[in-house]
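Visitor: test case, fold it:
(2 chains)
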Amino acid sequence: KAGVTQTPRYLIKTRGQQVTLSCSPISGHRSVSWYQQTPGQGLQFLFEYFSETQRNKGNFPGRFSGRQFSNSRSEMNVSTLELGDSALYLCASSLDVTGGGGTEAFFGQGTRLTVV
Amino acid sequence: AQSVTQLDSHVSVSEGTPVLLRCNYSSSYSPSLFWYVQHPNKGLQLLLKYTSAATLVKGINGFEAEFKKSETSFHLTKPSAHMSDAAEYFCVVSDLYNTGKLIFGQGTTLQVKP
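Guide: Numbering: from 1, shown residues only, chains lettered A, B, ... in the order given. Below is the predicted model of the structure:
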């Protein structure tokens, strides 16, 4: 069974540009969530999608957005990149059969974004 | 609101000795708790989970954790450390009020000395 796949693995972008990251969840999983990992702030929740609907959003500016497609694949977009957006972005998928959360999440290897 | 606190940012043990990584949680209700491990430049791997069944939870690679409600703790242990256990470990609680959201502790770096 294939795991969570994130593409690309590495990205270098210039300040002011925008970027799109992709996440393919484990087959059958309906919940996809995104996290930002930095040395200073640790792992912070960005947002979570369930059956194409954003169910929750963390405390990030509106430059951070996402969406989920009917096949549960998800994309995350960051516009007007800032140096502080440099981080490892992790995607996770959960089976969440009942839609009530609380189930374990399976993580991809992440996309390392460097903003210069 | 739920939260987790990992009591040690760095733990160093010798190979073959026991491992103890400490985690305290705060939750209004019986939480879902997890331990994840992250090896350098890798994603997060689930070690074990507690979801209100048995209080002693066994995970992969010989790790286990005990849920103690009276102490609000969920410490991770392993009887004998292996060099391959060197990694960062995260104690995680599922947010009861924000479905699908996980709340991470700050992480504990485990160093294993030969």
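Visitor: now tell me what touches the helix or strand bottoming out on mean pLDDT in chain A from outside.
Guide: Ranked by mean pLDDT, DSSP states H and E, the weakest helix or strand in chain A is strand A:53-57, scoring a mean of 91. For strand A:53-57, contacts defined as Cβ atoms under 8 Å, 6 or more residues apart in numbering or on different chains pick out A:31, A:45, A:46, A:47, A:48, A:49, A:66, A:68, B:98, B:99, B:100, B:101. (Glycine included, C-beta is placed from N, CA and C.)
Visitor: pLDDT and distance to residue B:34 for these - can I get that in CSV?
Guide: Formatted as CSV, the contacts of strand A:53-57 follow (pLDDT from 0 to 100; distance: Cβ to Cβ, whole Å):
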residue, pLDDT, distance to residue B:34
A:31, 90, 15
A:45, 94, 14
A:46, 96, 19
A:47, 93, 20
A:48, 93, 16
A:49, 93, 20
A:66, 97, 23
A:68, 97, 23
B:98, 67, 16
B:99, 72, 16
B:100, 77, 14
B:101, 85, 13
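Visitor: of those, which is the most crowded?
Guide: Most neighbours among the contacts of strand A:53-57, by other Cβ atoms under 10 Å in any protein chain shown: residue A:48, with 30 neighbours.
Visitor: what residues are bridge-paired with that residue?
Guide: Going by DSSP bridges, residue A:48 is paired in beta bridges with residue A:33, residue A:56.
Visitor: show me the contacts for it.
Guide: So residue A:48 contacts A:31, A:32, A:33, A:34, A:54, A:55, A:56, A:57, B:98, B:99, B:100, B:101 (Cβ under 8 Å, 6+ apart).
Visitor: now flag whichever of the residues you listed is closest to residue A:41.
Guide: Nearest to residue A:41 among the contacts of residue A:48, counting by Cβ to Cβ, is residue A:34 at 14.5 Å.
Visitor: quick one, phi/psi of the nearest residue to the closest one once chain neighbours are set aside?
Guide: Closest residue to residue A:34 apart from its sequence neighbours, by Cβ to Cβ, 6 or more residues apart in numbering or on different chains: residue A:46 at 4.1 Å. As for residue A:46, its main-chain torsions (degrees, to the nearest 10) stand at phi -100, psi -60.
Visitor: ok, now residue A:83?
Guide: Torsion angles, degrees, to the nearest 10, at residue A:83: phi -60, psi -40.
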